[in-house]
Every structure is written in structure tokens, then in C-alpha cells.
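S.K.: no sequence on this one, just coordinates:
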């Protein structure tokens, strides 16, 4: 049957009420009557939730009882529920490519509240388009490829080290690449850990030693990643060390490239006034031992939660409070004032600091503190008064910012970044540890500012998911990809330029002619290459021109 | 190998292998009781599915309200079931599971609002909790997503959200519950989506939008959904005319004492460890902090003090969904490494 259209299409339409989310704005009863009357040769089924277990069971039963060979589920988005619906249909014998998901929830119900008749009529057209799409699709085979059981970890900070060790514990060979000469990342600059107040240097050196001496981990320091090619299961990571280039292979990649601390040039006298330092630099001073410093003013949210960086850096409040307690224990008679915009310290010792005498004042971002020669002047919101606080040292809590190079590295890996420059995941709530390329996982502050504990959790999580992929032996993916007609392709390379996922590349055939070849595991089936191909040699095998035309016909009601 | 010990398993009086959750039994069951899933806001039958998408998707008979258990007569559900799945002979049983590792993921419970007498929960009809609001605003909830007031069934347009109800409060829970700021913003946005006349005020201590893209979400709530944020703790809620709650507070930015009359108040209650966690951690010998959250250390964030026992999610302390998921995978990673034997 593969490759051929079934003799006749028997399409089942499964209308989802999504509780009342769809059945409210859309008249599902009328919709179902409209679809089953007249020319639509389809069987209609309605349920509150096709995604639920009983819903999927009913879906399978209907397919089997009615001998359906194509399925249209009109409910929510392909992205959130496509996979489980397709799996249920597959179990009943319907090919993945003959399952169409029509997004009634987001494309109709939610965008047309209060316009029930119009929304219902639009829903009918959308579903007819889905019927045209599924009914006109040919069955496609799942793509299967072997997996190389090894991993490349990029970054040797706490996240990278934790991920490498977790993988090695499962006997997965790991190469760990760190651009600095030393392992440990940002933690090397931190004095004490929170919540234990343990020595960070010792923690880092123990962790590094265990990694370096582990027989299953190949540690490459002073090494940078210059290029990545391949796909999930078989990546080639090109690295450079001391001018020499080398290709590393790995079935998956864990990105743990970390973040930088913002250097607040020009803010609050930083760079001009020698008595103004960042909280991160202050960690070093604490390690060295403070001398001639008794009166400290700390300012939170320096360069963050503003128009340029509209985000909270998550870790600074905890770090600040930890450091106030460290100072109080080291310096007799220390006086510490912390100027905040509201404390975002979701874990920490705030109460202990307050009880130990640390003063917390609230400033208004519209009237920021001013660091003068002898005092910090601030309008305290809580007492509605201007205050001048004498200081020996001013400590600025600056946010973590994406590291230079992360965006480029992410691009090479096919990972999107958000507008702050942190690596973005497809869905922060529904799939927080999954990323768009199947073989790439992210841990630590490259993704979002994270505490040491969070870095470790994320690293173990990434390692766990990577191991799940690597231990499977083979990787499967749905055949929703672009394919090249080799006879029509002229090897111009426009598709290679256009693709954001580095899926096509030009290869020389036996006859010496270059043609484009698309890596099935890198291709996301977006169709950008089709638009730029001069001789129209590329087609989406899951979404052909005929299907598109018949969908347009269905929408127009012809 | 850990001594996993014995694990009591409650009888559901329905054979899990036979029941297909068709609902024929529910349709004919004569006994209605308040629906716990809808925090008592709707009704369910004595034989019921916990909720539509619950797993496993199998009916359960609530022994305490079932007519047969009370009078010895009825068994309508048994007669209705075409699969023969109803089984009144089922008994509670003790199951022994041998395991190489245990992962604690016992989650959270929500503080009882009645001790916070200043907020008047239980006394003022239109003061509800965040969880009750979640059911009211949910399209599959007892009101189909409409915000009907408990006092008179009228739509509530003006809603006030009280943050830190019991949290960051030295008399109750002196920690931050971590998730309330964001779910309250979400709730207020949903309120506006379901009702264009909805006006929301969020009374907060600090707005803790520390997670990924949270600040942007808050800005969206403010700019696109017109949510008003007021920094100030509520001193007292009074019941005004027509059962409209009146909130008294000091706006800490303007330092003025003010009041606000609304149609409904939603309390963002403090989150606590689950009520069973105390006994469970005692049995397992797992150390907890003074609030009852499971203690883990810096170096190994999933490991407890007992080898082979790991913890993740809210039982370790307040955390949101992405953190819970990361911690869960981390605990699974540590547990599987132990079971496979560290190499």
C-alpha cells in the first residue's frame, strides 16, 4: 500500500468539545449536522476530550468498527496533542500521514468569542480542509536511523560536569569540551555555596577531579566548538584547541555553556569609583578577606528588570543575602544596607539576615539610588524619605546575561534563542526539558539564570533524557520532511542557504553532478526550501501541492 | 535492596482491568455528593471518575456515600455495568513491592484558610481560595468557566487577589510558596478572557516573577489585561452590602490606608507539604526541615539522607512546573544509576 493512495478514502471526523472550550464558542451540534449532511462522506464522532484515555480508546474503536483509513481530529493544536492522537490512530492501523489535526481551539474557538454562528461556519470549512488533507495523503513509512551511543557535553561548569558524570555513570562515553583552561565555570569565582555555606572552591575542585579522572570521560579544556553537523543519534562536533581542529562524534549533545555576569559599565560609578564592585567580584573579596570595609551598601537589580533587560535574574537575591550573612560573620561591627526593588529571593536566608541586623530599603526604579563620594543617596519608598548612607564599599547585583557566542552556538545546534539571548525551549510548562532538535539537551544558565542546585537538577535531567535516547539504539521520526526530486534538482544550493536547520547539503553524484540531499533527521518539514527552489524540485512528502489545492477547494466550498 | 515494606492499597470496588469508564453506572447511581475534585463546588455520584482526564481512567465507588454500603441495598451500578466490572467483594489489600530505589514525589497541600480570620473565609461568602477559583474559571468546571459568586450566583466582575495568604507570615508559614504570584496573574488573565468586564487587582508583598519569561508575562497582564498590582498586605476583609467584600489595606507605595470594594476575593493560600508526607518520611527515616519539606543537600540535589531514597518536586520545597519536571528527571537519573550500579 505504501506510496499509493488507498482505493477509496474512509475519513472519520472526530470533533472535540475540549470540555466547553470548543463547545462554548462553537455550536458543535450544528457543526456535526452540517458535516454529516450533503456531500461530505465522512463519519462524525463527538466527545468531550479525544486526548483522554477513554477518548483515545473510542477513537481506536471507531476506526476499527468503521474501517476508517483516514482520521481528522478537530480539537487543539498539532504541536501539543498531534503525537498522542496519531499514536492512537496508528494502533488502530491508520498511517500517521493520514491523520490531520485541525486546530479548532486556537484557530477558531478562542479567537472568535461571542460570534458563534460565524465561528461554527468557519469550523466547518476548517474541518473540510482537514478532510481534504487527510483523505488525499499517501501513507508514509517512519524513518529509522542508528544511534551512536556517546555524548558531547559543551561546557565544564557545574551543569556540564554534573551531566558528564551522570552519563558516565551509565557507561555512556562522554567528551566534555570547555573553552577555558580550567573546569568549574562561574562557580570558580564564588566564595561560599548556598544553602550549606560550604567552600565553593573545594566543591568545584572535587567535582573537577572526579570528572578528569573518570575513565569514561574525555575532558578537553581550552577547546572551543567551531561547527556542528549531523543529526540526533549521529552528530559531528568540530572543535578547535591550540590552533588544531578535530571532529568529535556523539549521538547527542548537552549544551551547558553557562552565562556571564553583566559588567555594569557606567552604572552607579562602576569603573570610575574604585569602591564600587559587582556582587560577583565581591565574592573574590570575601575569599581574600575584607580589610577596611565595614559599611557596605548593596544595590539589587542593577541592569535588570528594566526596558533593556526585562527579566529577573533569579539568583542575585539569594546570593546577596548569602553574602550579607558571610560578611556579618567575618567582620565585627559590619553595617550592611541592601537597596531592593522587592525581594525575589524564593529560597534563602532573608529572615536570618534581617534578624542579624541587615537593613533592607526599597527603592523606586523611577528614582534610582545615587552613589556619591561618601554616601549612597536613595529615596526609601517604605518611609517616603530621602536617606544618605555612608559607605566603604558599594556592591552591585548585576544579572546573568547570555554568554557571547551562545547565540551562534545555539544556531549551529538548531536551537532557537529568546529575545534576551537565552536558549528557548518549545514549551516552558508542558515540555520544560525538551528542545526542538531531538538530540540536543540544555542545562544550566545558558537556558535561564539558575542556582547551583538547579544547574545540577537540570544537568541530571538532561543526562537522563539523553540516556533514554542513546540506550534505545535506534531513533525514529515521523516522515514529515521535504524530499528532493533528483532528476529536477540542478544543484544551485538555494535550499542550503535558505534552511534554518542545516538540513540540505549539496552532494556530488556518480556522474559528477551536484544535487541537494536533505538530512531526514534535521529536516523539520517547514517548506522554506520549496519556496526558494528555482526548478521546483523539492516537495513536502507529507503535504503535497495536490493536497494543498484540494484543501483550498474545500475551504472555498467548491 | 531496600526494604520497601508494605503498601496499603484501598479497594475501589471496581475491577480496573474490566472497567472502560463508559459512565453507564454513573448515569443511574442515585446518590449525589459534593465533588471533591471541584473543591465541593459541584456534585458527583457515589460511583465516579475522579475527573475526566484522570489516570487510571477507571470508576471508583466511594464507600462512605454509597447506598449499598449504608443500607445493604441498591447495587444499581452493578446491574448497569455491561462489563461486569463492579465488585463489591473487593477488599483493601496490602501490596509488597521490592525496589532498588524509592522516589518521593508526594507534592503539596494547601493551607486551610480558616485560621486567617482577618480574611473572613467561611464567614464572608464571596471570599474563595485560589483552587476554588481554578475550578470556577475552568470550562469543564461546575460553572462551565463562569465566575458565579457563591452568595447569589451573579457574575463576579471585580476580583481581588490576595497574595501571601499564610505565606511569608511568621504566624503561619514563614516561607514563600513560590507559585502564587504567577498563578494569580494567570487567573486574572483568564478572568478577563472569559469576561471582558472583568477587573482584577492583585495585592502582593513582592512580586516574585523569577522564572523564565515570567516578568514579560506580568507586563502582558498589566498592559493587555489591565491587571492592577498593588503592593500591600490586606489588613482585613469585611462583608459589605450585597455581600461585596471590602478589602482594607495600606498601599505601601503611597503609604495610604485605603479600601476597595469588589465582587469576589481570591486567596492565594500558602502551600504546605502533603499531609501524608509527615508519616511517610517518618517511616522511611528521611530528614525533613522544620516545615516538613524533605531535606536534600547541595552536592546531590535529589538524594535524601537515606541511601536509595530520592526526592523531587514540591515535597522538597515550593517549586513550579519546570523545576518539578527537571527535579523529577534528576531523581529518576539518580535512582536508575543506583539500581544499575554506579560505574
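M.R.: Perfect, thanks for sending it. Model, not experiment: these values are computed from the prediction.
S.K.: how about low-confidence regions in the stretch 1-150 of chain A?
M.R.: A:1-7, A:38-40 (pLDDT under 70).
S.K.: quick one: contacts for the residue in it positioned nearest to chain B?
M.R.: Using Cβ to the nearest Cβ, the closest approach of the stretch 1-150 of chain A to chain B is made by residue A:19 at 3.1 Å. (C-beta placed from N, C-alpha, C; glycine too.) Taking Cβ atoms under 8 Å, 6 or more residues apart in numbering or on different chains as the contact definition, residue A:19 lies against A:48, A:49, B:52, B:138, B:139, B:140.
S.K.: gap between the third one and chain A?
M.R.: When distances are taken as Cβ to the nearest Cβ, to the nearest Å, residue B:52 and chain A turn out to be 6 Å apart.
S.K.: Could you grab the helix/strand/coil label for that residue?
M.R.: coil (DSSP: H, G, I helix; E, B strand; the rest coil).
S.K.: Dump the contacts of residue A:19 into JSON lines; add secondary structure and neighbour count as well.
M.R.: Formatted as JSON lines, the contacts of residue A:19 follow (DSSP: H, G, I helix; E, B strand; the rest coil; neighbours: other Cβ atoms under 10 Å in any protein chain shown):
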{"residue": "A:48", "secondary structure": "coil", "neighbour count": "17"}
{"residue": "A:49", "secondary structure": "coil", "neighbour count": "19"}
{"residue": "B:52", "secondary structure": "coil", "neighbour count": "16"}
{"residue": "B:138", "secondary structure": "coil", "neighbour count": "18"}
{"residue": "B:139", "secondary structure": "coil", "neighbour count": "19"}
{"residue": "B:140", "secondary structure": "coil", "neighbour count": "19"}
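S.K.: between the residues you listed, which is closest to residue B:327?
M.R.: residue B:138 (26.6 Å; Cβ to Cβ).
S.K.: which non-adjacent residue is nearest that closest one?
M.R.: Nearest non-adjacent residue to residue B:138, counting by Cβ to Cβ, 6 or more residues apart in numbering or on different chains: residue B:145, 6.1 Å away.
S.K.: JSON lines please, covering the contacts of residue A:19 and showing distance to residue A:113.
M.R.: Shown next, in JSON lines, are these (distance: Cβ to Cβ, whole Å):
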{"residue": "A:48", "distance to residue A:113": "20"}
{"residue": "A:49", "distance to residue A:113": "21"}
{"residue": "B:52", "distance to residue A:113": "23"}
{"residue": "B:138", "distance to residue A:113": "16"}
{"residue": "B:139", "distance to residue A:113": "12"}
{"residue": "B:140", "distance to residue A:113": "17"}
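S.K.: thinking again about what came up before, in what helix or strand does the residue nearest to residue B:138 lie?
M.R.: Assigned by DSSP states H and E, residue B:145 belongs to neither a helix nor a strand.
S.K.: doesn't residue B:135 make contact with it?
M.R.: No. Using Cβ atoms under 8 Å, residue B:145 makes no contact with residue B:135, being 9.8 Å away.
S.K.: Can you report how many residues lie near residue B:312?
M.R.: 28 (other Cβ atoms under 10 Å in any protein chain shown).
S.K.: Looking at the contacts of residue A:19, spot the one nearest residue A:386.
M.R.: residue B:138 (48.8 Å).
S.K.: Assign the residue of the stretch 1-150 of chain A closest to chain B to helix, strand or coil.
M.R.: Using three-state DSSP, the structure places residue A:19 in coil.
S.K.: Leaving out chain neighbours, which residue sits closest to residue B:51?
M.R.: residue B:37 (4.7 Å).
S.K.: Am I right that that neighbour is in a strand?
M.R.: No. Judged by three-state DSSP, residue B:37 forms no part of a strand; its state is coil.
S.K.: From chain A, how far out is it?
M.R.: Relative to chain A, residue B:37 is positioned 13 Å away (Cβ to the nearest Cβ).
S.K.: Run the contact check for stretch A:400-420 versus chain B.
M.R.: Yes. Using Cβ under 8 Å from any Cβ of the partner chain, stretch A:400-420 comes into contact with chain B via residue A:418.
S.K.: Kindly report the same for stretch A:436-451.
M.R.: Yes. Residues of stretch A:436-451 contacting chain B under Cβ under 8 Å from any Cβ: A:447, A:448.
S.K.: Buried residues of that stretch, list them for me.
M.R.: Residues of stretch A:436-451 classed as buried: A:437-451 (neighbour count, 16 or more other Cβ atoms under 10 Å in any protein chain shown).
S.K.: What is the most widely separated pair among those?
M.R.: Most distant of those, by Cβ to Cβ, are A:438 and A:451, 28.1 Å apart.
S.K.: Excluding chain neighbours, what is closest to residue A:165?
M.R.: residue A:211 (6.0 Å).
S.K.: Let me fix that, I meant to ask about residue B:148.
M.R.: Using Cβ to Cβ, 6+ apart, the nearest residue to residue B:148 is residue B:155, at 6.5 Å.
S.K.: Please look at that neighbour and residue B:145 and confirm they touch.
M.R.: No. Counting by Cβ under 8 Å, residue B:145 is not a contact partner of residue B:155; they are 11.3 Å apart.
S.K.: okay, the two: which has more neighbours?
M.R.: residue B:145 (20 against 15).
S.K.: Local confidence estimate at the more buried one?
M.R.: Predicted confidence (pLDDT) for residue B:145: 90.
S.K.: which residues sit in contact with it?
M.R.: Counting by Cβ under 8 Å, 6+ apart, residue B:145 has contacts A:20, A:21, A:24, B:136, B:137, B:138, B:139, B:194.
S.K.: residue ranges for the helices of the stretch 351-500 of chain A, please.
M.R.: A:406-413, A:452-470, A:494-498 (DSSP state H, counting those that start in this stretch).
S.K.: Could you tell me which other helices and strands the shortest one packs against?
M.R.: Helix A:494-498 is packed against strand A:504-508, strand A:514-518, helix A:528-532, with contacts defined by 3 or more Cβ pairs under 8 Å, 6 or more residues apart in numbering or on different chains; DSSP states H and E.
S.K.: Pipe the contacts of residue B:145 into JSON lines and attach distance to residue A:35 per row.
M.R.: Output for the contacts of residue B:145, formatted as JSON lines (distance: Cβ to Cβ, whole Å):
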{"residue": "A:20", "distance to residue A:35": "20"}
{"residue": "A:21", "distance to residue A:35": "20"}
{"residue": "A:24", "distance to residue A:35": "19"}
{"residue": "B:136", "distance to residue A:35": "33"}
{"residue": "B:137", "distance to residue A:35": "31"}
{"residue": "B:138", "distance to residue A:35": "28"}
{"residue": "B:139", "distance to residue A:35": "23"}
{"residue": "B:194", "distance to residue A:35": "28"}
